[in-house]
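Take this sequence and fold it.
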Amino acid sequence: MKGRKRQALVDTDGRALVLDPQPADVQDRDGAVPVLRLSRRTFPFIIKAFADAGYAGDRPATATSITVAIVRKPPGQVGFAVQPRHWVVERFFAWISRNRRLWKDPEATLASAQAFLYAAAAMILA
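Below is the predicted model of the structure:
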(Lines give C-alpha, C1' and ligand atoms only; values in the text may rest on other atoms or scores of the structure.)
Protein backbone atom coordinates (compact mmCIF):
# COMPACT_ATOMS: atom_id res chain seq x y z
CA MET A 1 0.00 0.00 0.00
CA LYS A 2 1.55 3.27 -1.12
CA GLY A 3 1.94 5.74 1.71
CA ARG A 4 -0.16 3.91 4.29
CA LYS A 5 0.29 0.93 6.60
CA ARG A 6 -2.52 -0.72 8.52
CA GLN A 7 -1.91 -2.15 11.96
CA ALA A 8 -4.63 -4.46 13.26
CA LEU A 9 -5.34 -6.33 16.45
CA VAL A 10 -7.92 -9.06 15.77
CA ASP A 11 -9.48 -11.78 17.88
CA THR A 12 -8.90 -15.48 17.23
CA ASP A 13 -11.71 -15.55 14.65
CA GLY A 14 -10.30 -12.59 12.71
CA ARG A 15 -12.74 -9.91 13.88
CA ALA A 16 -11.24 -6.45 14.27
CA LEU A 17 -10.57 -5.21 17.79
CA VAL A 18 -8.21 -2.27 17.21
CA LEU A 19 -7.35 -0.78 13.81
CA ASP A 20 -4.75 1.92 13.31
CA PRO A 21 -3.68 3.27 9.92
CA GLN A 22 -0.18 4.75 10.00
CA PRO A 23 2.28 6.33 7.58
CA ALA A 24 4.14 3.69 5.56
CA ASP A 25 7.53 4.70 6.96
CA VAL A 26 6.63 3.39 10.44
CA GLN A 27 8.31 0.06 11.22
CA ASP A 28 6.02 -2.74 12.39
CA ARG A 29 7.69 -2.99 15.79
CA ASP A 30 7.15 0.76 16.31
CA GLY A 31 3.60 0.71 14.94
CA ALA A 32 2.57 -2.07 17.32
CA VAL A 33 3.06 0.11 20.40
CA PRO A 34 0.07 2.46 19.80
CA VAL A 35 -2.17 -0.47 18.86
CA LEU A 36 -1.29 -2.38 22.01
CA ARG A 37 -1.81 0.71 24.17
CA LEU A 38 -5.16 1.50 22.52
CA SER A 39 -6.31 -2.06 23.19
CA ARG A 40 -5.89 -1.65 26.96
CA ARG A 41 -8.79 0.83 27.22
CA THR A 42 -11.42 -1.30 25.55
CA PHE A 43 -9.99 -4.79 26.04
CA PRO A 44 -8.13 -4.88 29.38
CA PHE A 45 -8.61 -8.65 29.59
CA ILE A 46 -6.29 -9.45 26.65
CA ILE A 47 -3.17 -11.12 28.00
CA LYS A 48 -1.49 -12.55 24.89
CA ALA A 49 -1.07 -11.43 21.27
CA PHE A 50 0.43 -13.41 18.41
CA ALA A 51 2.56 -11.52 15.88
CA ASP A 52 4.97 -12.22 13.04
CA ALA A 53 8.72 -11.64 13.18
CA GLY A 54 8.36 -7.97 12.14
CA TYR A 55 7.01 -7.26 15.62
CA ALA A 56 9.92 -8.83 17.49
CA GLY A 57 11.85 -6.54 19.77
CA ASP A 58 11.74 -4.72 23.08
CA ARG A 59 9.28 -1.96 22.14
CA PRO A 60 6.23 -4.19 21.51
CA ALA A 61 7.20 -6.56 24.32
CA THR A 62 7.37 -3.78 26.92
CA ALA A 63 4.60 -1.48 25.61
CA THR A 64 1.88 -2.99 27.83
CA SER A 65 1.21 -5.98 30.03
CA ILE A 66 0.20 -7.98 26.92
CA THR A 67 2.60 -10.81 26.18
CA VAL A 68 3.62 -10.66 22.51
CA ALA A 69 4.29 -14.17 21.17
CA ILE A 70 6.24 -14.17 17.91
CA VAL A 71 5.13 -16.81 15.39
CA ARG A 72 8.26 -18.11 13.62
CA LYS A 73 8.97 -20.72 10.99
CA PRO A 74 10.05 -24.06 12.41
CA PRO A 75 13.80 -24.65 12.02
CA GLY A 76 14.56 -26.53 8.85
CA GLN A 77 11.32 -25.61 7.08
CA VAL A 78 11.77 -25.35 3.33
CA GLY A 79 9.17 -23.58 1.22
CA PHE A 80 5.78 -22.25 2.24
CA ALA A 81 3.73 -23.62 5.11
CA VAL A 82 0.80 -22.07 6.95
CA GLN A 83 1.98 -20.88 10.34
CA PRO A 84 -0.39 -21.23 13.31
CA ARG A 85 -2.16 -17.98 14.29
CA HIS A 86 -0.46 -15.96 11.52
CA TRP A 87 -3.22 -16.63 8.98
CA VAL A 88 -5.94 -15.06 11.18
CA VAL A 89 -4.84 -11.46 10.64
CA GLU A 90 -3.97 -12.14 6.99
CA ARG A 91 -7.53 -13.38 6.47
CA PHE A 92 -8.86 -10.18 8.07
CA PHE A 93 -6.85 -8.06 5.63
CA ALA A 94 -8.19 -10.17 2.74
CA TRP A 95 -11.76 -9.61 3.98
CA ILE A 96 -11.44 -5.83 4.20
CA SER A 97 -9.63 -5.66 0.86
CA ARG A 98 -12.87 -6.74 -0.80
CA ASN A 99 -14.14 -3.22 -0.02
CA ARG A 100 -13.26 -1.12 -3.07
CA ARG A 101 -12.73 2.05 -1.06
CA LEU A 102 -10.08 0.33 1.04
CA TRP A 103 -8.54 -1.32 -1.99
CA LYS A 104 -7.91 2.09 -3.58
CA ASP A 105 -7.42 3.94 -0.25
CA PRO A 106 -8.30 7.50 -1.37
CA GLU A 107 -8.48 8.91 2.16
CA ALA A 108 -6.58 12.15 2.75
CA THR A 109 -6.29 11.84 6.54
CA LEU A 110 -5.47 9.00 8.89
CA ALA A 111 -8.67 9.69 10.86
CA SER A 112 -10.90 9.14 7.82
CA ALA A 113 -8.86 6.07 6.85
CA GLN A 114 -9.43 4.67 10.34
CA ALA A 115 -13.18 5.35 10.13
CA PHE A 116 -13.46 3.48 6.84
CA LEU A 117 -11.38 0.59 8.22
CA TYR A 118 -13.86 0.19 11.09
CA ALA A 119 -16.80 0.49 8.68
CA ALA A 120 -15.35 -2.24 6.45
CA ALA A 121 -14.70 -4.42 9.49
CA ALA A 122 -18.34 -4.00 10.54
CA MET A 123 -19.53 -4.95 7.05
CA ILE A 124 -17.62 -8.23 7.32
CA LEU A 125 -19.92 -9.27 10.14
CA ALA A 126 -23.11 -8.29 8.32
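
Please work out which helix or strand belonging to this protein has the smallest mean pLDDT.
The weakest-scoring helix or strand in the chain, judged by mean pLDDT, DSSP states H and E, is helix 100-104 (a mean of 71).

Against residue 65, how distant is the residue lying closest to residue 67 once chain neighbours are set aside?
Nearest residue to residue 67 in three dimensions, chain neighbours excluded: residue 48, at 4.8 Å (Cβ to Cβ, 6 or more residues apart in numbering). Every C-beta, even on glycine, is put in place using the N, C-alpha and C of the backbone. According to Cβ to Cβ, to the nearest Å, residue 48 stands 10 Å off from residue 65.

So which residues of this structure form strands?
4-10, 16-23, 48-51, 67-70 (DSSP state E).

buried ones in the last one?
Yep, that's strand 67-70 we're talking about. residue 68 (16 or more other Cβ atoms under 10 Å).

who touches that strand?
When contacts are defined by Cβ atoms under 8 Å, 6 or more residues apart in numbering, strand 67-70 is touched by residues 32, 36, 47-53, 55-56, 60-61, 85.

Let's have those in CSV, adding pLDDT, distance to residue 96 and neighbour count.
Below are the contacts of strand 67-70 laid out as CSV (pLDDT from 0 to 100; distance: Cβ to Cβ, whole Å; neighbours: other Cβ atoms under 10 Å):
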residue, pLDDT, distance to residue 96, neighbour count
32, 93, 19, 26
36, 95, 20, 25
47, 94, 26, 8
48, 94, 24, 8
49, 93, 19, 20
50, 91, 19, 18
51, 90, 19, 21
52, 86, 18, 15
53, 86, 23, 13
55, 92, 20, 25
56, 91, 25, 15
60, 93, 22, 23
61, 92, 27, 18
85, 79, 19, 13
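
which ones among the residues you listed are found in helices?
In helices, defined here by DSSP state H, the members of these are 32, 36, 60, 61.

With adjacent residues omitted, what lies nearest to the third one?
In this case it means residue 60. That would be residue 32: by Cβ to Cβ, 6+ apart, it lies 4.2 Å from residue 60.

Tell me if I'm right that that neighbour and residue 59 touch.
Yes. Counting by Cβ atoms under 8 Å, residue 32 does reach residue 59; the two are 7.3 Å apart.
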